[in-house]
Structure formats: structure tokens, C-alpha cells
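Trainee: Pasting the sequence and the predicted model now:
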Amino acid sequence: MEERKIRVLIAKPGLDGHDRGAKVIARGLRDAGMEVIYTGLRQTPEMVVEAALQEDVDVIGLSILSGAHMALAPRVMELLRENDMADVSVFLGGIIPNDDVPALKEIGITEVFGPGTSIEAIAASIREAVLGVRTN
């Protein structure tokens, strides 16, 4: 019996208008065997969580380059809890200062990836979070 694919939602919350990195990650995760839904630019936290709910995803990947991660990520996490979706793993990528990472993990962000992180490392981290196995 074939194992079901991990479902990943890639979202660009906030006013950031640059999505090349998010598209690269989306394609890379598809190539790694995951099912990927890309929401596009300028999503609100409410839009991200609603899409995650509708698409029944295992993982949300937030790409934030605008510096608004300390406002947007907590709101996404709050909305996930309100919608009984606390089991959805949330990953954050973009330009995130190292000093902010502990606070982000404290609110429930699974992992934070900076520029230059390999697709293989991201895929392995997602598999570990969803399936409980480290593949890389």
C-alpha cells in the first residue's frame, strides 16, 4: 500500500512582494515527493489558516522577508489553536534574526530556516516533524 504524501502549504503572509524563494521551496518539496499548495503573495494569517484548514495540510511553511515575522507568526499559531489545528507543524523561512528564533520556537514554530538552507534539509525536517523519522 502506498504511503500518503505529506501535504504542505507554502504561504507568503504580510506585505512582502518577493516570492522567488517560496516558489523554489515549493518546487523542491514537490520534487521530494510532497504535495504542495502555494497560496501566493500578500496573505493574511486568517487566509493562511483558512487555506490550511480547507486543504487539510500537515505542514505550513511561512516565507517572510519583510521583518514582520514577530507579528505574523504568533497570529498564525493563535489561529491554528483556535481552529483545533495545533497538530499542524509550522516552519518559518526568510530573513529571521537569530535572536528571534527562540521566541518563535517558544510559540510553537517547529523550525526556522534562513537563506541557503538546502531543500534536502528542509524536507528532512518536515518528514521528521510529520512522520517522526529523520531521513537525512
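Mentor: Nice, I can see it. Numbers count the residues shown, from 1 in each chain.

Trainee: I'd like to know the beta-bridge partner residues of the residue nearest the centre of the chain.
Mentor: Central residue of the chain (C-alpha atoms, centre = their mean): Gly61, 1.2 Å from the mean position. On the basis of DSSP bridges, Gly61 is bridged to Ile10, Phe91.

Trainee: quick one, what contacts it?
Mentor: Shown in contact with Gly61 (C-beta atoms under 8 Å, 6 or more residues apart in numbering): Val8, Leu9, Ile10, Ala11, Ala22, Ile25, Leu29, Val90, Phe91, Leu92, Gly93. Glycine gets a C-beta too; all of them are placed from N, C-alpha and C.

Trainee: where does the chain dip in pLDDT?
Mentor: When residues are selected by pLDDT under 70, those of the chain lie in 1-2, 134-136.

Trainee: could you pull out the strands for it?
Mentor: Using DSSP state E, the strands of the chain run over 7-11, 35-38, 59-64, 89-94, 111-113.

Trainee: okay if I get those strands as a markdown table plus distance to Leu53?
Mentor: Shown next, in a markdown table, are the strands of the chain (distance: least, C-beta to C-beta, whole Å):
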| stretch | distance to Leu53 |
| --- | --- |
| strand 7-11 | 10 |
| strand 35-38 | 12 |
| strand 59-64 | 11 |
| strand 89-94 | 14 |
| strand 111-113 | 22 |
